[in-house]
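In: Got a sequence here, can you build the structure:
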Amino acid sequence: MENIILSGLLNNEGYARKVIPFLNVDYFQTIEEIKVFTHIEEYIEKYNSVPTKQALSVSLEDDTSLNENSYKEVCSYIEGLEYDDKTDLDWLVEKTEKFCQDRAIYNAVRESIQVLDGQHKSLDKGSIPDLLSKALGVSFDSSIGHDFLDNSDTRFEFYHTKEEKIAFDLDLMNQITKGGLSKKSLSIALAGTGVGKTLFMTHCAAANMMDGKNVLYITMEMAEERIAERIDANLLNTTVDDLKILTKDAYDKKLDRVKGKTSGKLTIKEYPTASAGSGHFRHLINELRLKRNFSPDVIYIDYLNICASSRMKMGASVNSYTYIKAIAEELRGLAVEFNVPIMSATQTTRSGYSNSDMGLEDTSESFGLPATADFMFGLISSEELEDLGQLMIKQLKNRWGDVGTNKRFVVGIDRSRMKLFDVDSSAQTLSDESAIKPSQNKFNSNVTSFSPKDKSKPDFGGFK
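Out: Now for the predicted structure:
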């Protein structure tokens, strides 16, 4: 098969253009095959055409890694390559794809054995599932783009196919996201310290598990036990304080009732602050799949700004904008790689913390984060909202819907039980009023901020 492929590359330009992007030098074994393929690939890349046998022989003369005998053997191999013009192109492409798949699996198994024997220089045992999955995923992508006119039927079918999403248990969150979180997406909650970022994510994680989904919760801010405590309070419908005085029998009975209501699973993994990034998370997902047969349907990361980048180190030459944007891009790439939605959170700036109507500009450290996220929303709290037991949510960016529809709305919040819940539609009028009413600046109680929507004029004590 190697001879057929190499002769096809030399004699059939249509075949070469179809398969050269998918061929790899590692798929060839003998020195003759490796050298011929390498020089064909270099020639096509440089001159955008296939070489003749004579051009290939001349190219080999400049290869300093070949001695005289090796050069003669490679030239002799080239002369022996014969191609039948009657060969069916589709058959040849199909057989080449099968060859690449078989060779990729063979190479992956061989490399895995080196890892198991401790002979691999850079990989450990946790990388074996990734090696095999990449090998099994080798295929020729025949698509070279969407033809707007000719592929209209495919496009119409896409419009009318219901996308599989990870739903919220909050009606308005489902409305603004058109049914929930899309796969291969990155969603970000923006809030100040203590407003409820972790509460929001633990509530959603618990709701997803009860909906039969597999949930992975990665924390770098709190201990695993603290996150589990919040989820326990949510699912067992008890306060965090009461968990500490609950008897073992009572706790087990409540937990058994939860187990009987769902087939979903939830795994919590703690990493030290700023020590883990997308590479660690990828390794974790592969380990869970291998050791627990657990593949997440949705991933929560608490929270993005204290992750580490897998591509760069924070230092004098890397500013916070670049670094945080790199982390966001890597996490979104991870979501695409594993076909799952990822939700994380970020802090507001100091001015955003006191702002009752925050915007994207209130994102701390890097505006590259909202530029990368698919869905971003703010969590807003105030004394008035706290008294009503409510939390305001404001849309900031939404690739799945119109930000102007349900731009602000409130949900009920029970902080003692770590729960969120829908409120009556009449309560939603507060979300509009809160943007009109003046709010006290938390850093200077003598300063009052007025919204542009506020039609009333402040009293300046007789001064004009």
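
In: ok, now which ones touch M376?
Out: Going by CB atoms under 8 Å, 6 or more residues apart in numbering, M376 touches S187, I188, A189, L190, L360, P370, L396, K397, N398. Just so you know, the C-beta spots here come from the backbone N, C-alpha and C atoms, and that holds for glycine as well.

In: Specify the local secondary structure of K178.
Out: Three-state call for K178 (DSSP: H, G, I helix; E, B strand; the rest coil): coil.

In: what comes up buried for stretch 365-378?
Out: For stretch 365-378, burial by neighbour count (16 or more other CB atoms under 10 Å) applies to E365, S366, G368, L369, P370, T372, A373, D374, F375, M376, F377, G378.

In: can you point me to the longest strand in the chain?
Out: Counting by DSSP state E, the longest strand found in the chain is strand 390-398.

In: so what strands line up beside that strand?
Out: strand 375-380 (antiparallel), strand 408-414 (antiparallel) (DSSP bridges).

In: a markdown table for those strands, including mean pLDDT and distance to D88?
Out: Shown next, in a markdown table, are these (pLDDT from 0 to 100; distance: least, CB to CB, whole Å):
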| stretch | mean pLDDT | distance to D88 |
| --- | --- | --- |
| strand 375-380 | 95 | 48 |
| strand 408-414 | 94 | 61 |
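
In: Per-residue pLDDT of Q440, please?
Out: On pLDDT, Q440 comes in at 41.

In: Could you do E42 as well?
Out: Confidence at E42, expressed as pLDDT, is 90.

In: Regarding it, what is its secondary structure?
Out: Under three-state DSSP, the three-state class of E42 is helix.

In: Which parts of the chain belong to which domain?
Out: Using automatic domain parsing, the domain parsing of the chain gives 2-136, 165-447.

In: Could you pull up phi and psi at the residue nearest to P341 when sequence neighbours are not counted?
Out: Leaving out its chain neighbours, the residue that sits closest to P341 by CB to CB, 6 or more residues apart in numbering is L181, at 3.8 Å. Phi and psi for L181, reported as degrees, to the nearest 10, are phi -80, psi 130.

In: ok, the residue nearest to A223 when sequence neighbours are not counted - how many residues close by?
Out: Computed as CB to CB, 6+ apart, the closest residue to A223 that is not its neighbour in sequence is E270, at 6.0 Å. For E270, the neighbour count with other CB atoms under 10 Å is 18.

In: From N286, how far off is E270?
Out: To N286, E270 is 18 Å away according to CB to CB, to the nearest Å.

In: Return the distance of A108 relative to D102.
Out: Per CB to CB, A108 is found 11 Å from D102.

In: same question, A55
Out: Distance from A55 to D102, by CB to CB: 30 Å.

In: so who does the closest residue to T177 other than its chain neighbours touch?
Out: Closest residue to T177 apart from its sequence neighbours, by CB to CB, 6+ apart: W400 at 5.3 Å. Each residue near W400 by CB under 8 Å, 6+ apart is listed here: I176, T177, K178, S182, D374, F375.

In: phi, psi of the fourth one?
Out: Right, S182. Per-residue torsions, S182: phi -80, psi 150 (degrees, to the nearest 10).

In: what's the neighbour count on it?
Out: Neighbourhood size, S182 [other CB under 10 Å]: 19.

In: What segments of the stretch 251-400 of the chain are strands?
Out: Along the stretch 251-400 of the chain, the stretches classed as strands by DSSP state E, counting those that start in this stretch are 265-270, 298-302, 341-347, 375-380, 390-398.

In: Next, format the ones you listed as a markdown table and append distance to I44.
Out: As requested, these are exported to a markdown table (distance: least, CB to CB, whole Å):
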| stretch | distance to I44 |
| --- | --- |
| strand 265-270 | 46 |
| strand 298-302 | 40 |
| strand 341-347 | 38 |
| strand 375-380 | 42 |
| strand 390-398 | 43 |
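
In: Only the C-alpha atoms, please, for stretch 244-253, written as CSV.
Out: Output of stretch 244-253 as CSV, limited to C-alpha atoms (Å, rounded to 0.1, in the frame of the first residue of the first chain):
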residue,chain,number,x,y,z
LYS,A,244,-23.5,20.0,60.9
ILE,A,245,-26.1,18.7,63.4
LEU,A,246,-27.8,16.2,61.1
THR,A,247,-27.4,12.6,62.4
LYS,A,248,-25.8,10.0,60.1
ASP,A,249,-29.1,8.0,59.7
ALA,A,250,-31.0,11.2,58.8
TYR,A,251,-28.3,12.2,56.3
ASP,A,252,-28.2,8.8,54.7
LYS,A,253,-32.0,8.7,54.3
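
In: If you count neighbours, what's buried in that stretch?
Out: Buried-residue list, stretch 244-253, by 16+ other CB under 10 Å: L246.

In: chain center to it, what's the gap?
Out: Its chain's C-alpha centre and that of stretch 244-253 lie 38 Å apart, by CA atoms, centre = their mean, to the nearest Å.

In: Stretch 272-284 too?
Out: The chain centre lies 13 Å from the centre of stretch 272-284; the measure is CA atoms, centre = their mean.

In: same check, this time on stretch 299-309
Out: The answer for stretch 299-309 is 11 Å, by CA atoms, centre = their mean.

In: And the helices in the stretch 201-350 of the chain, which stretches?
Out: Taking DSSP state H, counting those that start in this stretch to define them, one finds helices in the stretch 201-350 of the chain at 224-236, 240-243, 248-259, 278-291, 320-338, 350-353.

In: right, and these - which one's nearest T154?
Out: Closest to T154 of those is helix 320-338 (CB to CB; 21.1 Å).

In: For I268, list each beta-bridge partner.
Out: Note on I268: beta-bridge partners Y217, judged by DSSP bridges.

In: show me the contacts for it.
Out: Going by CB under 8 Å, 6+ apart, I268 touches Y217, I218, T219, E224, I227, A228, I231.
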